[in-house]
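Novice: With the sequence up front, the predicted model follows.
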Amino acid sequence: MQVLKALPAALALLALPLSAAELPPKPSVGDVIKASKPSEWRPLDAENTLYMEVPGGRIVIELSPVFAPNHVANIKTMARENYFDGLAILRSQDNFVAQWGDPNEDKPKPLKTAKEKLEGEFTVPLKNDRQFTRLPDKDGYAPQVGHSNGFPSARDPKSGQAWLTHCYGMVGVGRGNESDSGNGGALYAVIGNAPRQLDRNITVVGRVVEGMPLLSTLPRGPAPMGFYDKPEKMVAIKSVRVAADVPEAERSKLEVMRTDSASFKAIAEAQRNRGGPWTKVAAGHVDLCNVTIPVREQGK
């Protein structure tokens, strides 16, 4: 009987969590950023940066002509010809994307000199991407993953192709079923869990480097795929400008940590193997889309 009485108490002890060994402290992402050198940062290229002004503020998008030269050129042409001005953010799908473009399908806004259709730039030859820094971690969507001058990217040495990946904040080109049905006039940003299944199926042109809360916190659209069902629910786009065309005093003074730098490598390691005291079990792995790409005001 004494054994039976003691059994519940023994089972209760077994249910208690085992105390994990204390991990030694390691530098955090913040520590690495604070200790980084000025040479490990680069300013945004004004000729390949967009400012999208919405009622809540400015969304800054860095474009990647290395991976989508034709679409980037077309988007800049549209921006310089004021095509985006007066259009709207017309879709916010939970855990997926926020999309903007022309809400009027019956009488779409006419283009000036920009091209109406472009062949998809889903991948580029490996030789085009000369600034790739590989992560050692395995990936389920590509043989190799890493970063290319500030953008999360992937590559396949066997096929000889490289591409940008659908991580949070990345900007892609909306299209129909045909691969040449997009031109950059309809764009979206990833606002949820990385939909990597879209990689190599859509042209990715860049990423949002500032202003993501203006997209990620939008009310979700009630119509299928998160579209807004009434015009008054859409968010008006005041303007989209190429940063190089904006007076110097009005530009956002931002810089991105160089993804080929020692500090960026340390940032990946800080997220791969977090130290104590809060972390009890270090993951020993980091997903491509979970590697922070720091952005800050110049000189900070």
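Specialist: Great, that's in hand.
Novice: those strands in the stretch 201-300 of the chain, which residues are they?
Specialist: In the stretch 201-300 of the chain, the segments counted as strands under DSSP state E, counting those that start in this stretch are 204-210, 235-236, 239-242, 254-257, 295-297.
Novice: Out of the ones you listed, the one nearest residue 75 is which?
Specialist: Smallest distance to residue 75 across those (C-beta to C-beta): 6.5 Å, for strand 204-210. Using the backbone N, CA and C atoms, a C-beta is placed for each residue, glycine as well.
Novice: Contacts for that closest one, please.
Specialist: With C-beta atoms under 8 Å, 6 or more residues apart in numbering as the test, strand 204-210 has contacts from 44, 48, 50, 58-64, 67-68, 71-72, 75, 150-151, 163-167, 169-173, 184, 187, 189, 215, 252, 254, 256, 295.
Novice: From those residues, which land in helices?
Specialist: Among the contacts of strand 204-210, the residues falling in helices (DSSP state H) are 71-72, 75, 215.
Novice: could I get those as TSV with pLDDT, neighbour count and distance to residue 113?
Specialist: As requested, the ones in helices among the contacts of strand 204-210 are exported to TSV (pLDDT from 0 to 100; neighbours: other C-beta atoms under 10 Å; distance: C-beta to C-beta, whole Å):
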residue	pLDDT	neighbour count	distance to residue 113
71	98	27	15
72	98	22	15
75	98	28	13
215	98	25	28
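Novice: which one among the residues you listed gets closest to residue 203?
Specialist: Using C-beta to C-beta, residue 71 is the member of the ones in helices among the contacts of strand 204-210 that lies nearest residue 203, at 5.3 Å.
Novice: I'd guessed that closest one sits against residue 121; true?
Specialist: Yes - between residue 71 and residue 121 there is a contact under C-beta atoms under 8 Å: 5.8 Å.
Novice: Show me the common contact partners of the two, please.
Specialist: Taking C-beta under 8 Å, 6+ apart as the criterion, residue 71 and residue 121 both touch residue 203.
Novice: what number of residues lie near the closest residue to residue 163 other than its chain neighbours?
Specialist: Of all residues beyond its chain neighbours, the one nearest residue 163 is residue 123 (4.5 Å), with distances taken as C-beta to C-beta, 6 or more residues apart in numbering. Using other C-beta atoms under 10 Å, residue 123 is surrounded by 20 other residues.
Novice: Using CSV, write down the CA coordinates of stretch 176-189.
Specialist: Backbone C-alpha positions of stretch 176-189 (Å, rounded to 0.1, in the frame of the first residue of the first chain) are rendered in CSV as follows:
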residue,chain,number,x,y,z
GLY,A,176,-1.5,36.0,-64.3
ASN,A,177,-1.0,32.5,-65.5
GLU,A,178,1.3,33.5,-68.4
SER,A,179,4.9,34.1,-67.4
ASP,A,180,5.0,37.4,-69.4
SER,A,181,1.8,38.9,-67.9
GLY,A,182,3.5,41.1,-65.4
ASN,A,183,5.3,44.3,-65.8
GLY,A,184,5.8,45.7,-62.3
GLY,A,185,2.7,47.8,-62.3
ALA,A,186,1.2,45.4,-59.7
LEU,A,187,3.5,44.7,-56.8
TYR,A,188,3.3,43.0,-53.5
ALA,A,189,5.3,42.6,-50.3
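Novice: Name the residues of that stretch that are buried.
Specialist: 179, 181-189 (16 or more other C-beta atoms under 10 Å).
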